[in-house]
Every structure is written in C-alpha cells, then in structure tokens.
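[1] quick check, what structure comes out for this input:
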Amino acid sequence: MTFSFNGMRVGAFEGDTVAGALVRAGVHTFSRSMKFHRPRGLYCGAGRCISCAMRVNGIPWVRTCTLPVAEGMVVESQGGVPGTGFDVLSVFDLVFRKEFDYHSRFIRPRFLTPVYQGLVRRLASPASLPGCSSISTGVTVRDCNVLVIGQGVSGSVAAARLKGADVSGVVTIDRMQGSEERVPSVAFGIYEGGEVGVQVGESVHLIRPRFTLLATGCLETGLPLVNGELPGVMLPGALSMLVSRGILPGQRAVVVGSNELRPTVLRDLGALGVKIVGEIEDPTRVHRIVGRNRVRAADVRENGHVRRIACDTVVVLGPVVPAIGLASQAGCHLESRDGSLAVSTDPSGRTSVRSVFACGGVAGIREQAERIASAERAADSIVSDLEAG
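    Residues are numbered from 1 along each chain as shown. Now for the predicted structure:
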C-alpha cells in the first residue's frame, strides 16, 4: 500500500506503523521540538512521547509509532518554518546555547509585548487546529464488569483466567496490541467515580467498569545524554518495533547503559545485521551524541581523552520503571520498590482503592513467573468479588 508524506508517495506493507514505514523509506526527522526547534524522530516506539507526533489526515499531534498505515493516508511532518526539513527557527538552538527563558528575555520594550507573545505562541504550538470535519463528536459510554488495562504477560493471563471463569463483560485494551476492535486504544484517565476514559482509534469512550485491573507493566526511560534526542537515538521498544517488521534502524549502533533489556537489544541488532561498534554501560562516559539532523557519532571519554565512534544509531538503556500513571490518577497508594514507585497491593492484588486491582510490573513484580502468578491471584479475587455481589 502507499500513503502520502509531505506530498510524496511512500510505500508500506500491511501492519506497518507510519513511523516504521518512514524509517524504512529513509525518513528519520518527523518533527521539531517546541522551544529550540531541534529535529525529532522515532524514540520510544510505544506512543508515550511526542517525538514522532505528526499531522495525519488533518489531525495534529498523532503519535505515529503506534498508528497502522492505511491506504491513501495523508501524513505531514510538524514544526518548522518553512518546513521540518529546513527550519529557519532552529537558529534559536545556535544563538541561545545555554538557556532561552521567555520570561526574562521577552519583556522589554513593553510596547512590543504583542509581538513577543505571538512569537512565543508560534514557537510553542507549530500545528494548526484540525478542521471541524476531523473532530470526533460525542463520547460512547459503555458499562462492563471488568476492564483489563494492558495486554502484556500479566494482562493476557488475567483476561484469559477471567474469561475461563465465565465472567461476562470483560473488556481488554492495550496501546500497542489494540483492543477488542484491534485498533490502538489508550486509557488516558481514571476519574473520581472509577470511570475510565479510553481513546479507540479516533473515537472516545467512557467505560464504567465494576472492577478495573491495572496490568500496565513497566516503562522504558532514557538517559541524560547531551544531544540524546537526535533522530537515531531510541529506546529498546522502538528498536523492537523496527525489528518485528524487518526494518533497519541504521548500519552502525552504539548501546548506552544497561538494564534487563540489554540481551534482547544485542540480539535484535545482530538479527538485523547492524554492526555494534560500541557498548557503553556507564552513561557518564558519553561526552555527547554528535549530529545535526541525525546521529553521526558518539563522543566517549576513555582514559582522560575523548574518542569519537562513528555511528548512526544509539540505543539507550535507562531504568525500567512501573507505569504508575493511571494508578496515581485512581488514587492508589504507591510504595518504593527497587528505587522506583510501584502500586501497593495485598497478596490478592487489591489496591487501596476498592474497585481497582493491579498485577505484574506495575506492582513492582519483575520475574515472569511471579507476574503470571500475580495475574492469576488478581483475577481470582475479582471473580470472588463478582460472585459475592
């Protein structure tokens, strides 16, 4: 199939995401940052950041790393004057090398305030609003017995166990694997009455479950590297997405940091034939990532000197932490585990909120066998509560 990107036709295969298809086509810059107008490309691969956000069919700020390609889709990069490829506003990145504070720099003379405000708005919000025909109207309200958020290991096990116990009205959603409708679905809020706001494709749903099971897993995080946001720098999730579609992220890769995903990253790079030219477990040794519009090299400190490693891909292995955002919105009690916050549960998966359960990575459980066991216990507890009325 084909789709349009900035007026040119791009080929894609069924199942490709927009971001993945563009990387396959050799396009790596998708947008520009709001303040300094630095180039941005594929980074997290999980729809959690906005580096890949572009305008799709007239709708701005669409996260394209999780959006499947559709025939005839119209995609436009975001940010930049006159465009993303060549952006004259990137001069701010050259002039203000250390800081650019709107409040201290844009205050005098007072009569130019309207001009300053217009410029700041242009810098901060490069995308125009969607046309009226693109705006979804109305919210679909849906009741169910159990809402399972997340379809990783623990979420899939819990959902299967609930259905195996003949529990009716089980709804499952996942930002990567999709929902029962098999389209990307994102739970964006849990409200005071326990209702959950969910975006399914371009429609918005308000789900009112009797019980919510949080199986949101863990988040990959980055590392504080100089120029660590350049296109070509990515998290393991983005690399995994490319590998699953046979898409090369580049030819020469440097791996920075270390966590439990390191063996998988090394295996994925090897499977694609990407040459690993550097493994830097201590990120403080990385002096800077080099490049203007894409990664060209990594400068690494060695024995008091800085050595330049030519590369076009940098995979960053930061801490993997529980995805507690929804749990925090729901008011669940959190506790510190292994240096990060996780949802506090009792042995049956109950949280401090009566109608909310949690299992797996979001509850700080790392081992796969324990994740499975926690999912089974949480599902059994929900079944017991449903039977008790």
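
[2] only C-alpha atoms from now on, for both contacts and neighbour counts.
    Fine.

[3] and the spatially most central residue of the chain, how close does it get to Gly85?
    Closest to where the C-alpha atoms of the chain average out (CA atoms, centre = their mean) is Arg48, at 2.2 Å. Using CA to CA, to the nearest Å, we find Arg48 at a distance of 24 Å from Gly85.

[4] how about Ile207?
    Counting by CA to CA, the gap from Ile207 to Gly85 is 41 Å.

[5] the two - which one has more neighbours?
    Counted by other CA atoms under 10 Å, Ile207 and Gly85 do not tie: Ile207 has more neighbours, with 21 against 17.

[6] confidence score at the more buried one?
    Note for Ile207: predicted pLDDT of 95.

[7] which secondary element of this structure has the worst mean pLDDT?
    Using mean pLDDT, DSSP states H and E, helix 102-105 stands out as the lowest-scoring helix or strand of the chain, at a mean of 69.

[8] quick check: mean pLDDT across the helix or strand that comes right after that helix?
    Sequence-wise, the next helix or strand downstream of helix 102-105 (DSSP states H and E) is helix 113-124. If you average the pLDDT over helix 113-124, you get 77.

[9] what does helix 113-124 contact?
    Contact with helix 113-124 is made by 34-35, 37, 102, 106-107, as judged by CA atoms under 8 Å, 6 or more residues apart in numbering.

[10] and if you look at stretch 45-53?
    Residues contacting stretch 45-53 (CA under 8 Å, 6+ apart): 19, 30-31, 33, 40-43, 60-66, 77-78, 175-176, 235, 237-239, 241.

[11] what mean pLDDT does that stretch have?
    Here the average pLDDT along stretch 45-53 is 92.

[12] of all the residues in it, which ones are buried?
    45-47, 50-53 (16 or more other CA atoms under 10 Å).

[13] which among those residues gets closest to Ala159?
    Ala46 (21.6 Å; CA to CA).

[14] quick one: the closest one is in a strand?
    No - going by DSSP: H, G, I helix; E, B strand; the rest coil, the assignment for Ala46 is coil, not a strand.

[15] need phi/psi at it.
    Note on Ala46: its backbone torsions stand at phi -130, psi 10 [degrees, to the nearest 10].

[16] that one and Ala238, how far apart?
    Distance from Ala46 to Ala238, by CA to CA: 7 Å.

[17] for Thr17, same thing?
    With CA to CA as the criterion, Thr17 and Ala238 are 11 Å apart.

[18] much appreciated, bye for now.
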